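Participant: pasted the sequence and its predicted model underneath.
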Amino acid sequence: MKLTLASISPRTRSKSEPADRLTTDYLARAQRYAPCDAITYDSESALFAAIGKSTARTPAHLILLDSRGKLLTSEDLAQTLGALRDNGTQRILLAIGPADGWSKASQARAQLLFSLGRITLPHELARAVLAEQLYRALTILAGHPYHSGH
């Protein structure tokens with residue numbers, strides 16, 4: 001199973017180097033458990049165009065981050081990823097949306113709308129939090145002591 005952390009941002013450069021370093025660090029840690037990468041698209045349409053051009057044997061399982069999405073604990077996220085892995089899902093794409101939120105059409109294409117909480121986060125910080133949660137979920141699945149249940 002390959003995990004891709006995608007985000008929509010029309011800016012070519014991030015506003016936060018520290019948050020970018022955190023994202024990179026957690027994705028590197030997560031690589032010990034599953035292939036991971038990160039990519040930024042300049043629009044929703046660019047993201048879906050890339051999904052449409054994919055040459056993978058099976059389509060990516062699409063999880064969109066949205067403040068109105070389902071609230072999951074770290075354990076719930078691990079269970080979700082584990083079930084997808086165990087059912088043969090080859091690629092999971094988790095995407096942080098545009099500043100104005102996902103369109104209804106994009107939401108309809110997702111297999112899951114997932115929320116990091118009801119607060120609003122800058123994209124760079126949301127990426128770092130999501131990267132850490134992916135790492136945490138993978139360590140939970142591996143039985144690693146990083147996550148101690150609280």
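Facilitator: Everything's here; your move. Numbering: from 1, shown residues only.

Participant: what average pLDDT does the biggest strand by length in the chain get?
Facilitator: In the chain, assigned by DSSP state E, the strand with the most residues is strand 61-71. Averaged over strand 61-71, pLDDT sits at 95.

Participant: confidence score at the nearest residue to residue 66 once chain neighbours are set aside?
Facilitator: Excluding the flanking residues, the one nearest residue 66 by Cβ to Cβ, 6 or more residues apart in numbering is residue 113, at 4.7 Å. Just so you know, the C-beta spots here come from the backbone N, C-alpha and C atoms, and that holds for glycine as well. pLDDT, residue 113: 97.

Participant: show me what contacts residue 113?
Facilitator: Counting by Cβ atoms under 8 Å, 6 or more residues apart in numbering, residue 113 touches 63, 64, 65, 66, 68, 69, 70, 102, 107.

Participant: what about the longest helix in this structure?
Facilitator: Longest helix of the chain, by residue count under DSSP state H: helix 123-142.

Participant: restricting to C-alpha, output it in PDB.
Facilitator: Presented in PDB, the C-alpha positions along helix 123-142 are these (Å, rounded to 0.1, in the frame of the first residue of the first chain):
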ATOM      1  CA  HIS A 123      -2.500  24.200   4.800                       C
ATOM      2  CA  GLU A 124       1.200  23.800   5.900                       C
ATOM      3  CA  LEU A 125       0.200  22.900   9.500                       C
ATOM      4  CA  ALA A 126      -2.600  20.600   8.300                       C
ATOM      5  CA  ARG A 127       0.000  18.800   6.200                       C
ATOM      6  CA  ALA A 128       2.400  18.400   9.100                       C
ATOM      7  CA  VAL A 129      -0.400  17.100  11.400                       C
ATOM      8  CA  LEU A 130      -1.700  14.700   8.700                       C
ATOM      9  CA  ALA A 131       1.900  13.400   8.100                       C
ATOM     10  CA  GLU A 132       2.300  12.800  11.800                       C
ATOM     11  CA  GLN A 133      -1.000  11.000  12.000                       C
ATOM     12  CA  LEU A 134      -0.100   8.800   9.100                       C
ATOM     13  CA  TYR A 135       3.100   7.900  10.800                       C
ATOM     14  CA  ARG A 136       1.300   7.300  14.100                       C
ATOM     15  CA  ALA A 137      -1.300   5.100  12.400                       C
ATOM     16  CA  LEU A 138       1.400   3.000  10.700                       C
ATOM     17  CA  THR A 139       3.200   2.500  14.000                       C
ATOM     18  CA  ILE A 140      -0.100   1.500  15.700                       C
ATOM     19  CA  LEU A 141      -0.500  -1.100  12.900                       C
ATOM     20  CA  ALA A 142       3.000  -2.300  13.400                       C
END
